[in-house]
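[1] Predicted model, plus sequence, below.
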Amino acid sequence: DGGITQSPKYLFRKEGQNVTLSCEQNLNHDAMYWYRQDPGQGLRLIYYSQIVNDFQKGDIAEGYSVSREKKESFPLTVTSAQKNPTAFYLCASQGWRGDYGYTFGSGTRLTVV
Amino acid sequence: AQSVTQPDIHITVSEGASLELRCNYSYGATPYLFWYVQSPGQGLQLLLKYFSGDTLVQGIKGFEAEFKRSQSSFNLRKPSVHWSDAAEYFCAVGPKAAGNKLTFGGGTRVLVKP
């Protein structure tokens, strides 16, 4: 079955460390997105990519980096510059055929320890 | 710029009662419209979507939504709520052209009383 996979489900980071969250899709979708969720704050867009080797900053890109070397993969790195990284992170993909709706992964919960 | 407003941050409903979640949007033209549901600690799941045609759309889990162009609204309804419907619900509007992002509302958290 086609879908979008995020890993790991839970991730713990020490202060000053960079960590990378994985997002892989086999839906042949063109665009991919990273969102951050904090309690009571809805979805906030971090980065998005509409084609391979190209990506754009969203509303809260500071302290994060991404790459899009393959159509299927859009990893997110939370760098040590992100001062408050504890949150729930969601990845989504979007195809340009059909309804342009998003398919979401199941999320990664990142906690700073 | 497009925007989506979900006026109710929290709604509490008794099990078996009806539920209506409000969604108002601002968009240059009639967009694609979506409702997603998120259970705690999970990703978002598509409940239903509207593109064109019949303004009453049926979705999964017994949900339906009605598009009202004159009111720029896309309200979600369920006649009889089950305890498993406790979740957060997001309305989104999207482009009718490739290359554009969805815009999400802030979400409505639904609590179900026994």
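    Okay, I see it. Residues are numbered from 1 along each chain as shown, chains lettered A, B, ... in the order given.
[2] Quick check: residue B:10 touching residue B:112?
    No - applying Cβ atoms under 8 Å, one finds residue B:10 not in contact with residue B:112, separated by 12.0 Å. Just so you know, the C-beta spots here come from the backbone N, C-alpha and C atoms, and that holds for glycine as well.
[3] Residues of chain A that sit close to chain B?
    Residues of chain A lying close to chain B (Cβ under 8 Å from any Cβ of the partner chain) are A:6, A:30-31, A:33, A:40-43, A:45, A:48, A:50, A:88, A:90, A:92, A:94, A:96, A:99-107, A:109.
[4] out of residue B:10 and residue B:112, which sits in the busier spot?
    Using other Cβ atoms under 10 Å in any protein chain shown, the more surrounded residue of residue B:10 and residue B:112 is residue B:112, with 19 against 11.
[5] Now the one helix or strand that one maps to: buried residues?
    For residue B:112, the element it lies in under DSSP states H and E is strand B:108-113. Neighbour counts over strand B:108-113 (16 or more other Cβ atoms under 10 Å in any protein chain shown) mark B:108, B:109, B:110, B:112 as buried.
[6] want to throw those into a markdown table with pLDDT and distance to chain A?
    Output for the buried residues of strand B:108-113, formatted as a markdown table (pLDDT from 0 to 100; distance: Cβ to the nearest Cβ, whole Å):
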| residue | pLDDT | distance to chain A |
| --- | --- | --- |
| B:108 | 97 | 10 |
| B:109 | 97 | 9 |
| B:110 | 98 | 14 |
| B:112 | 97 | 19 |
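[7] now for the strand holding residue B:112, which elements pack on it?
    strand B:10-14, strand B:19-21, strand B:87-94 (3 or more Cβ pairs under 8 Å, 6 or more residues apart in numbering or on different chains; DSSP states H and E).
[8] Show me the residue at the heart of chain B, geometrically.
    residue B:35 (3.5 Å; Cα atoms, centre = their mean).
[9] Equivalent analysis for chain A, please.
    In chain A, the C-alpha closest to the average C-alpha coordinate belongs to residue A:34, at a distance of 3.1 Å (Cα atoms, centre = their mean).
[10] in which helix or strand would I find the nearest residue to that residue once chain neighbours are set aside?
    Leaving aside its sequence neighbours, residue A:34 sits nearest to residue A:46 (Cβ to Cβ, 6 or more residues apart in numbering or on different chains; 4.3 Å). Element membership for residue A:46 (DSSP H and E) is strand A:43-51.
[11] What helices and strands are in contact with that strand?
    If contacts are counted by 3+ Cβ pairs under 8 Å, 6+ apart, strand A:43-51 sits against strand A:31-37, strand A:54-57, strand A:64-66.
[12] can you list the residues that contact the first one?
    Spelled out, that is strand A:31-37. A:21, A:23, A:25, A:43-50, A:58, A:60, A:64, A:66, A:68, A:74, A:76, A:87-96, A:102, A:107, B:99, B:101 (Cβ atoms under 8 Å, 6 or more residues apart in numbering or on different chains).
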